[in-house]
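Asker: just coords:
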């Protein structure tokens, strides 16, 4: 990598099924100059999230599609190099949406300044960022947990799921995770304090759910749809609430697969409701207030899975869709000056 | 039929797929004697409703299964013949749950007295009874219609659907029905005042919905699940609400079929919620208050499809599941003394 160039990862082709490394291209361009009112910043951390798969397609998703030949989009934490905007100065740490590249230009209104003395700057991509907000509002606003209820979350050790389970515990619920390995099960139970965990790869979902949820399921925070949702529906209680946060199980599907039979919703007068964190931007302060209190009180633990090197982002992203990450997946693009 | 005997229709076998007449048996027994506190009444009208199919099975539904060899259950309007309960007198008209038979014994708390001077007594099986309450609360409590929104209802000329559409009009929504014949389309538009109607048997659902709902769909009151729900999901607006009232399309299925792909729920942050009218019994007065006002003001029209003769109940019920009825299907078991 040349110090004076900007490495970028472009989307070369819309993947068919699972993305391949050849769907991406690494290119070098000149470091851009910020125009009037603009800010140039240097990426430190880049976030990789399942929703990105939905954008790598012409199909309608909850966001506009990524364009072929352009830089892959994504949130990152970066440091301001040069600012033509009076609100930002060189050296500031910011959260932005610069995408998969070393350097990005932004308008001031798309950046949020980060205070490295509060929490580690990388947390803004996870527990105090979009995944944390997703966990917080999906669980509290749609799930509406009551003490003593049972809450199940799929992708339970992931960036959202780990926070969902811990907030459910703060709300005095029984928290049950569904994850993809025994190591992750061990983590969510012994490190994060979930009450039980199911390894979806080795256990029969229906019987494992019955064993882990002896009083049935009141809330299911769904990241996957597919067979996990079907099994959960067989075990829901009267009035169950199911925030639908993602459909990881079908992100790579060429044709949308059928969904679950909905009879259990009728029998149990339960609800499924789609959730998108963007709808909650105006409630960010409420979220940050609770989260910083809980973090300071040691009630929330957080694990990051840090992959080094921008060039490794495509491979890491492919692994994310296969559940290979363990904790919030981020790519470290350059040194973090807040860590000595 | 012997005047001194009680004709009954029993459930002989759980149907495989579509019920057949041979799944039922007509028998005659002695007219029972009411015990202490009990009431003997003579059936005038018997209600036939799709939910009954769900009970004719060992499978879990939203009600306990019917037992083989017992009288088919169901609501009826009847006249008290003999009462050992001080709250009821011979000659009273009552709504009860006596099932498919000429005479039934009931405890007082399971009967509700009807006032024939208010609305026709048969209405208690329809527009002012369970189907009317279903329409009222499913639309208002889950659908939450706002003026100017578009509301679609399947089985739009049926006992529930016809009321849903008319209440949607009262709430200043655009009302669109989905029905099974041109005659029913004509009825809901020209008699009931729906804005548009789709014949699901002759029209392509997706394009017909786009044409009938130029501003998209905000509320869908679903009686069917299956292909209609799938087509509706392709056309919902942001924040759409879908009360799930029935799954007629699968009541005869031996194995629960898959449901719709749920991506549109996520994209549109929409909700599907199961509805059961039994949950709203404590709000009966609120319902009756609005409904009688609307009926008296001529804002609600109501059509009954009356089949004569208890012995014809099985055939009529089979037709109901195939959409052959036109209006609320009831069986007239004996003369209605309130009609001269």
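Answerer: Happy to help now that I have it. Everything numeric in this text was worked out from a predicted model, so none of it was measured.

Asker: Now do the same contact list for residue A:91.
Answerer: Contact partners of residue A:91, counting by C-beta atoms under 8 Å, 6 or more residues apart in numbering or on different chains, are A:79-80. The way it works is simple: take the backbone N, C-alpha and C, and place the C-beta from them, glycine included.

Asker: switch to 10 Å and redo it
Answerer: A:79-81, A:83, A:337 (C-beta atoms under 10 Å, 6 or more residues apart in numbering or on different chains).

Asker: On the three-state scheme, it is what?
Answerer: Classification of residue A:91 using DSSP: H, G, I helix; E, B strand; the rest coil returns coil.

Asker: What about it? Give its phi and psi, please.
Answerer: phi 100, psi -20 (degrees, to the nearest 10).

Asker: mind checking how far it is from residue A:83?
Answerer: Applying C-beta to C-beta, to the nearest Å, the value for residue A:91 to residue A:83 is 9 Å.

Asker: Count the residues that sit near the residue of chain A found nearest chain B.
Answerer: Proximity to chain B, evaluated over chain A using C-beta to the nearest C-beta, is greatest for residue A:258 at 3.4 Å. Using other C-beta atoms under 10 Å in any protein chain shown, the number of residues around residue A:258 comes to 13.

Asker: after the helix or strand where residue A:220 lies, next one along is what?
Answerer: Assigned by DSSP states H and E, residue A:220 belongs to strand A:217-221. The first helix or strand that comes after strand A:217-221 along the chain, using DSSP H and E, is helix A:226-233.

Asker: bridging residues for residue A:272?
Answerer: According to DSSP bridges, the partner residues bridging residue A:272 are residue A:242, residue B:272.

Asker: That one and residue B:264 touch, don't they?
Answerer: No: counting by C-beta atoms under 10 Å, residue A:272 stays clear of residue B:264, with 11.4 Å between them.

Asker: Are there residues contacting both of the two? Which ones?
Answerer: Listed contacts common to residue A:272 and residue B:264 are residue B:270; contacts here mean C-beta under 10 Å, 6+ apart.

Asker: Which one's more surrounded, the two?
Answerer: The residue with more neighbours, out of residue A:272 and residue B:264, is residue A:272; 29 against 19, by other C-beta under 10 Å.

Asker: now residue A:246, nearest residue through space, not along the chain?
Answerer: residue A:223 (4.2 Å; C-beta to C-beta, 6 or more residues apart in numbering or on different chains).

Asker: swap that for residue A:273, please
Answerer: Nearest one to residue A:273, counting by C-beta to C-beta, 6+ apart, is residue B:271 at 3.9 Å.

Asker: pLDDT wise, what is the residue nearest the centre of chain A at?
Answerer: Geometric centre of chain A, nearest residue: residue A:131, 4.2 Å, by C-alpha atoms, centre = their mean. In this prediction, residue A:131 carries a pLDDT score of 92.

Asker: That one looks like it's in a strand, true?
Answerer: No: under the criterion used here (three-state DSSP), residue A:131 is helix, not part of a strand.

Asker: isn't it right up against residue A:160?
Answerer: Yes: with contact defined as C-beta under 10 Å, residue A:131 counts as touching residue A:160 (4.7 Å).

Asker: what sits in contact with each of the two?
Answerer: A:49-50, A:245, A:277, A:328.

Asker: Where does confidence bottom out across those residues?
Answerer: The member of those with the lowest pLDDT is residue A:50, and it reads 86.

Asker: burial of that residue, as a residue count?
Answerer: Neighbourhood size, residue A:50 [other C-beta under 10 Å]: 23.

Asker: One more: the one 3 residues further on?
Answerer: Here the count is done by other C-beta under 10 Å, and residue A:53 has 21 residues near it.

Asker: Could you find the closest non-adjacent residue to it?
Answerer: Nearest non-adjacent residue to residue A:53 (C-beta to C-beta, 6+ apart): residue A:251, at 4.1 Å.

Asker: Count the neighbours of the residue nearest to residue A:246 for me.
Answerer: Quick note: residue A:223 (other C-beta under 10 Å) scores 25 neighbours.

Asker: domain ranges for chain A?
Answerer: Using automatic domain parsing, the domains assigned to chain A come out as A:5-126+A:303-332, A:130-279+A:289-294.

Asker: tell me the most buried of those domains?
Answerer: domain A:130-279+A:289-294 (a mean of 21; mean count of other C-beta atoms under 10 Å in any protein chain shown).

Asker: Next secondary structure after the worst-scoring helix or strand of chain A on mean pLDDT?
Answerer: The helix or strand of chain A with the poorest confidence is helix A:51-55; it has a mean of 87 (mean pLDDT, DSSP states H and E). Using DSSP H and E, the helix or strand that follows helix A:51-55 in sequence is strand A:76-83.

Asker: for that following strand, what is the average pLDDT?
Answerer: The pLDDT scores in strand A:76-83 average 97.

Asker: so how far is that strand from its chain's centroid?
Answerer: Relative to the mean C-alpha coordinate of its chain, strand A:76-83 is positioned 22 Å out (C-alpha atoms, centre = their mean, to the nearest Å).

Asker: Give me the secondary structure label for residue A:307.
Answerer: Applying three-state DSSP: residue A:307 is strand.

Asker: Assess the claim that it and residue A:48 are in contact.
Answerer: Yes: counting by C-beta under 10 Å, residue A:48 is a contact partner of residue A:307 at 8.1 Å.

Asker: Backbone dihedrals for the closest residue in space to residue A:37 that isn't next to it in sequence, please?
Answerer: Closest residue to residue A:37 apart from its sequence neighbours, by C-beta to C-beta, 6+ apart: residue A:85 at 5.2 Å. Backbone torsions of residue A:85, given as degrees, to the nearest 10, read phi -120, psi 120.

Asker: Would you mind listing the residues in contact with residue A:85?
Answerer: Going by C-beta under 10 Å, 6+ apart, the list of residues near residue A:85 reads A:34, A:36-39, A:106-109, A:111.

Asker: likewise residue A:31?
Answerer: Residues counted as contacts of residue A:31 (C-beta under 10 Å, 6+ apart) are A:2-6, A:40, A:42, A:81-82, A:101-103, A:105.

Asker: let's see 7 Å
Answerer: Shown in contact with residue A:31 (C-beta atoms under 7 Å, 6 or more residues apart in numbering or on different chains): A:4-6, A:103.

Asker: now the stretch 151-300 of chain A, which segments are flagged as low pLDDT?
Answerer: Applying pLDDT under 70 to the stretch 151-300 of chain A flags no residue at all.

Asker: Up against chain B, what does it have?
Answerer: The stretch 151-300 of chain A comes close to chain B at residues A:225, A:244, A:247, A:256-263, A:265-276, A:279, as judged by C-beta under 7 Å from any C-beta of the partner chain.

Asker: that older thread, can you lay out the contacts of residue A:85 as TSV showing pLDDT?
Answerer: TSV is the format used below for the contacts of residue A:85 (pLDDT from 0 to 100):
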residue	pLDDT
A:34	96
A:36	95
A:37	95
A:38	97
A:39	97
A:106	96
A:107	93
A:108	90
A:109	91
A:111	95
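
Asker: now, which of those residues sits nearest residue A:183?
Answerer: When these are compared for distance to residue A:183 (C-beta to C-beta), residue A:111 wins out at 36.7 Å.

Asker: any idea how far the closest one lies from residue A:130?
Answerer: 15 Å.

Asker: Residue A:37 too?
Answerer: Distance, residue A:37 to residue A:130, using C-beta to C-beta: 25 Å.

Asker: Tell me which of the contacts of residue A:85 fall in strands.
Answerer: A:38-39, A:106-107 (DSSP state E).
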